[in-house]
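*Asks:* how would this look folded up:
(2 chains)
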Amino acid sequence: EAQVTQNPRYLITVTGKKLTVTCSQNMNHEYMSWYRQDPGLGLRQIYYSMNVEVTDKGDVPEGYKVSRKEKRNFPLILESPSPNQTSLYFCASSQGQGAYGYTFGSGTRLTVV
Amino acid sequence: QKEVEQNSGPLSVPEGAIASLNCTYSDRGSQSFFWYRQYSGKSPELIMFIYSNGDKEDGRFTAQLNKASQYVSLLIRDSQPSDSATYLCAVYEYGNKLVFGAGTILRVKS
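*Replies:* The predicted structure is shown next:
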């Protein structure tokens, strides 16, 4: 089954404790992206990647890191999480530009206390 | 920074009616437009894509694009309670960067 897999689905952590949210896709897509979703603000892009070793900042990159060492994986790293990073996070992938929409993972609900 | 605006709703329609969802965008250079549906607690699901002026139909869904007026709309015919969800408009930017509106909540009452 073609899918984008994120883990974990739920995570509660403490301020300052480094964490990684994993994302993997099995569709051989070149494009991958991370979004966060907050009430009233909609989906905002954090980082995106157009290919292996090619990443760029989205609209809200502060406090996040990403890497794209393999085509299928695109982990999101929070080096020192803060409460304002409490949110619902989605990983997504796409096979190309423009005409192709993103396929989203199931989401990770992160709470930072 | 491109902006995508949607009325947050909720938009309430009776079962069987036509639901009309609207979206405006700020950048005249935008080329590709998407509609996603998101059920509560679930991830967004792509339902329509349009890039040419005019209408595009897919089953009960019709997307309409007017680049001169910078708006894109989604019509849902014969609305069903299962259509109750949040509908997200998204605009493509260079680098496959999709900018989303905040979404419109649709409620279909049986």
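*Asks:* quick check: longest strand of the chain.
*Replies:* In the absence of a named chain, chain A is used. Longest strand in chain A by number of residues (criterion: DSSP state E): strand A:42-51.
*Asks:* I was thinking of chain B, sorry if that wasn't clear
*Replies:* Chain B, longest strand under DSSP E: strand B:85-93.
*Asks:* what's the helix or strand that comes right after that one in contact with?
*Replies:* Using DSSP states H and E, the helix or strand that follows strand B:85-93 in sequence is strand B:97-100. Residues outside strand B:97-100 that contact it (CB atoms under 8 Å, 6 or more residues apart in numbering or on different chains) are A:33, A:35, A:42-45, A:48, A:58-59, A:101-102, B:2-4, B:34, B:36, B:88-93. Heads up, the C-betas are built off the backbone N, CA and C, glycines and all.
*Asks:* Also stretch A:14-23?
*Replies:* Contact partners of stretch A:14-23, identified using CB under 8 Å, 6+ apart, comprise A:4-8, A:11, A:13, A:32, A:34, A:73-83, A:89, A:91, A:105, A:108, A:110, A:112-113.
*Asks:* The nearest residue to B:Gly9 once chain neighbours are set aside and B:Ser12, how far apart?
*Replies:* Distances taken as CB to CB, 6 or more residues apart in numbering or on different chains place B:Ile105 nearest to B:Gly9, at 4.0 Å, with adjacent residues excluded. For B:Ile105, the distance to B:Ser12 (CB to CB, to the nearest Å) stands at 9 Å.
*Asks:* and the residue nearest to A:Pro83 when sequence neighbours are not counted, what are its bridge partners?
*Replies:* Among residues not flanking A:Pro83 along the chain, A:Val112 sits closest, at 5.0 Å (CB to CB, 6+ apart). Under the criterion DSSP bridges, A:Val112 forms beta bridges with A:Thr13.
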